[in-house]
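Colleague: what follows is a predicted structure for the sequence shown.
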Amino acid sequence: MPSLITHLKNIEYLTDFKSSNAFMILTAKQAYLFTDGRYLEKAKNLAQQGKSRLGKFTVIEMGKDLIETLKKISEKHKFSILEYEDEHISVAKYEHFRKILKGMRWQKGEKGIENQRSRKDASELKKLKKSQQINEQLFYSIRALLTPGITELEIAQQIKKRCYDHGADDISFEPIIGFGNHSSMPHHQNTTRKLKKGELVLIDMGVLFQGYASDMTRMVFTKSPTAFEEKIYNLVLEAQEAAIQAMQPGRHCDAIDQVARTLLTQAGYGETFCHSLGHGIGLEVHEAPTLSVRSKDMLQEGMVVTSEPGIYLPGQFGVRIEDMIAITKKGHENLTSAPKGIKESILS
């Protein structure tokens, strides 16, 4: 069925074309990429090379003739129904397209491209592995900066600055740096708070390598943890590892989430685990599948997902540990090698 593609990451996946303004019309026989003059030369070069997943495609400049061009395409390919990406189009744009293509029946798409993106090929897996390797090397250099007096914002800025030195394209998301009780907020926003000796630190960070994201969370103790901190940390680590060991093709994602959630619940901390276990990762740091209690997704070979359970105690501290896991033909492969035992998490 012909489809309107408005999600820029889906366009990038199909064509290797990156921009801030584009859409595509896909038909059974031809693919049309629309963009503005800023990106036209780049788009045409990629189309002529024909090395993308779509092979060659037709590039059309957005302009005064857009309405007439879209009408001609619909007439040429004789389609009266058009699928669209309902989660990736604004109401204004949707209404705009409906006005242009009057009489067209509009049907919500079935996320075919997202489902295809969720199963990585060998080239994508290689890029994801390299992205995480860079992320870990960057983490080690950042870990060494954790001395009293440095601020959360300064650590975040150093991650952004140093990622290029390690070979990354950019960061994949705004780093989360939580000192002391700030770690009890899962998506804490960095502040000018200064690190004090004895505080634990939560670092959630990732980079991009050739467009592919990494994502990792590690805890760092600036002195030996208390007995209670050690108990909480080891509970989270046990839940994370249990969930990872359960990952294999054919397993339902809600069941994987439940493995970690049940363990934490039985220990009396189920209510403090206030988010899903994990998510897919690729061109976007958050993509299909979703590992949550409500997920209807199933793990398949080629997927790369995170496992990141947490316990968050408001006003005290929080612990989250996150790895990237590739689903293989017979099980899984952990793409994260940064040590996470509690002894390795203590600054010497």
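Modeller: Yep, that arrived.

Colleague: quick check on Arg320: phi, psi?
Modeller: phi -140, psi 140 (degrees, to the nearest 10).

Colleague: show me what it is bridged to.
Modeller: In this entry, Arg320 is beta-bridged to Gly310, by DSSP bridges.

Colleague: same question for Gln107.
Modeller: Applying DSSP bridges, one finds that Gln107 bridges with Glu83.

Colleague: near it, how many other residues are there?
Modeller: Counted with other CB atoms under 10 Å, residues neighbouring Gln107 total 13. The C-beta positions use only the backbone N, C-alpha and C, and glycine is treated the same way.

Colleague: next one: Met219
Modeller: Met219, neighbours per other CB under 10 Å, totals 25.

Colleague: and the next element down the chain from the longest helix belonging to the chain?
Modeller: Counting by DSSP state H, the longest helix found in the chain is helix 122-143. Proceeding N to C from helix 122-143, the next assigned helix or strand is helix 152-162, under DSSP states H and E.

Colleague: now do that following helix: which elements does it pack against?
Modeller: helix 122-143, strand 176-179 (3 or more CB pairs under 8 Å, 6 or more residues apart in numbering; DSSP states H and E).

Colleague: between those, which one is closest to Ala243.
Modeller: helix 122-143 (18.1 Å; CB to CB).

Colleague: for that closest one, give the mean pLDDT please.
Modeller: Rounded to a whole number, the mean pLDDT of helix 122-143 is 98.

Colleague: spatially central residue in this protein, please.
Modeller: By CA atoms, centre = their mean, the chain has its centre lying nearest to Val285, at 1.3 Å.

Colleague: domains of this protein?
Modeller: 3-110, 118-345 (automatic domain parsing).

Colleague: lowest average pLDDT across those domains?
Modeller: Across the domains of the chain, domain 3-110 gives the lowest mean pLDDT, at a mean of 95.

Colleague: thinking again about what came up before, double-check that the residue nearest to the centre of the chain belongs to a helix.
Modeller: No - assignment of Val285 by DSSP: H, G, I helix; E, B strand; the rest coil gives coil, placing it outside any helix.

Colleague: quick check: it vs Ser307, distance?
Modeller: 15 Å (CB to CB, to the nearest Å).

Colleague: same thing with Glu61?
Modeller: Applying CB to CB to Glu61 and Ser307 gives a distance of 45 Å.

Colleague: quick one: which of those two has more around it?
Modeller: Legend: neighbour count by other CB under 10 Å for Glu61 and Ser307, higher for Ser307 (28 against 16).

Colleague: related to what we said a few turns ago, right, and the helices and strands packed on helix 152-162 - which one's nearest Leu347?
Modeller: helix 122-143 (7.5 Å).

Colleague: so what angle separates the directions of that closest one and helix 152-162?
Modeller: Interaxial angle, helix 122-143 versus helix 152-162 (axes from the mean of the first three to the mean of the last three CA atoms, to 10 degrees): 130 degrees.

Colleague: run through who's touching helix 122-143.
Modeller: 120, 155, 158-159, 162-163, 166-168, 172, 203, 205-216, 218, 220, 281-282, 302, 304, 324, 326, 335-338, 347 (CB atoms under 8 Å, 6 or more residues apart in numbering).

Colleague: 6 Å instead?
Modeller: 158-159, 162-163, 166-168, 206-207, 209-210, 212, 214, 216, 304, 324, 335-336, 338 (CB atoms under 6 Å, 6 or more residues apart in numbering).

Colleague: please identify the buried residues of that helix?
Modeller: 124-125, 127-139, 142-143 (16 or more other CB atoms under 10 Å).

Colleague: repeat for stretch 217-229
Modeller: Quick answer for stretch 217-229 (16+ other CB under 10 Å): 217-222, 225, 229.

Colleague: how about stretch 54-66?
Modeller: Here stretch 54-66 shows 54, 57, 59-62 as buried, counting by 16+ other CB under 10 Å.

Colleague: which of the residues you listed sits closest to Glu12?
Modeller: Nearest to Glu12 among those, with distances taken as CB to CB, is Leu54, at 11.4 Å.

Colleague: how near is that closest one to Ala47?
Modeller: In this structure, Leu54 and Ala47 are 9 Å apart, going by CB to CB.

Colleague: also Lys78?
Modeller: 24 Å.

Colleague: now Gly282, what's its secondary structure?
Modeller: Applying three-state DSSP: Gly282 is coil.

Colleague: coming back round to it: which of the domains of the chain is buried the deepest?
Modeller: domain 118-345 (a mean of 19; mean count of other CB atoms under 10 Å).

Colleague: SS state for the spatially closest residue to Asp323 that is not a sequence neighbour?
Modeller: The shortest distance from Asp323 to any non-neighbouring residue, by CB to CB, 6 or more residues apart in numbering, is to Thr336 (3.8 Å). With three-state DSSP as the basis, Thr336 sits in coil.
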